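Colleague: Kindly return the folded structure for what I paste below:
(chains A and B)
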Amino acid sequence: GQQVMQIPQYQHVQEGEDFTTYCNSSTTLSNIQWYKQRPGGHPVFLIQLVKSGEVKKQKRLTFQFGEAKKNSSLHITATQTTDVGTYFCVSAGGTSYGKLTFGQGTILTVHP
Amino acid sequence: GAVVSQHPSWVICKSGTSVKIECRSLDFQATTMFWYRQFPKQSLMLMATSNEGSKATYEQGVEKDKFLINHASLTLSTLTVTSAHPEDSSFYICSARDGWRTEAFFGQGTRLTVV
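Modeller: Below you'll find the predicted structure:
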């Protein structure tokens, strides 16, 4: 997989505030996946973006893939305490059996 | 979604002993599985790619003789940490991708503590 850089490393928000994490690559990505890992748990797949400029929504979560396919973002509207966890962007390579390359992750803390 | 089961979920062992971790795909066949290591508050670092019926492919810097991987069937891969030392203490996670699906499915992870 291709290397991806993710920021910020940590984000603390009050419940109800919005949250965004960003992912960047120096090279064009075949696709980008997003995973969420709850504290003490394992990563769980959220979504995959493939097309240039693609935007996908899942309830309060909005995922974007840049026009140049070199960056991506995850935005959460009106965070809830259940959103707590680490969010990873992942470069999934170009094949079904390709290895995943994880970004550094953003640890989200939501204060009630 | 597909299910990947990892066992044990935690293990404590004495320094110098070996520990085996199992990763099973319960409802699909996985010709390829991946083993990751994760330190607290850090990302997942790929250790090796496990290929059914052939030798594993290790990432740069991962000791092949220390982290033995066996992928004897389409549903089972094992990671053996040999002659474990305290610095091997970590969270180990396996994953697999079903042939036609896009996402990877992860095992529950194994927290290894070497004392």
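Colleague: Who are the contact partners of the residue of chain A found nearest chain B?
Modeller: Residue nearest to chain B within chain A: A:Phe45 (3.6 Å; Cβ to the nearest Cβ). Quick note: C-beta positions are derived from backbone N, CA and C, even for glycine. By Cβ atoms under 8 Å, 6 or more residues apart in numbering or on different chains, the contact set of A:Phe45 is A:Gln33, A:Trp34, A:Tyr35, B:Gly1, B:Glu103, B:Ala104, B:Phe105.
Colleague: what's the neighbour count on the first one?
Modeller: Applying other Cβ atoms under 10 Å in any protein chain shown, we find 24 residues neighbouring A:Gln33.
Colleague: which SS class is it?
Modeller: Three-state call for A:Gln33 (DSSP: H, G, I helix; E, B strand; the rest coil): strand.
Colleague: Give me every residue in chain A lying close to chain B.
Modeller: Counting by Cβ under 8 Å from any Cβ of the partner chain, chain A comes close to chain B at A:33, A:41-45, A:48, A:88, A:92, A:96-97, A:99-105, A:107.
Colleague: same thing but 7 Å
Modeller: Taking Cβ under 7 Å from any Cβ of the partner chain as the contact definition, chain A meets chain B at A:33, A:42-43, A:45, A:48, A:88, A:96-97, A:99-100, A:102-105, A:107.
Colleague: So which of those wins on neighbours?
Modeller: Neighbour max across the residues of chain A next to chain B (other Cβ under 10 Å) = A:Pro43, 29 neighbours.
Colleague: Residue ranges in the chain under the pLDDT threshold?
Modeller: Going with chain A. A:1, A:93-98 (pLDDT under 70).
Colleague: Switch to chain B, please.
Modeller: Residue ranges of chain B with pLDDT under 70: B:1, B:99-101.
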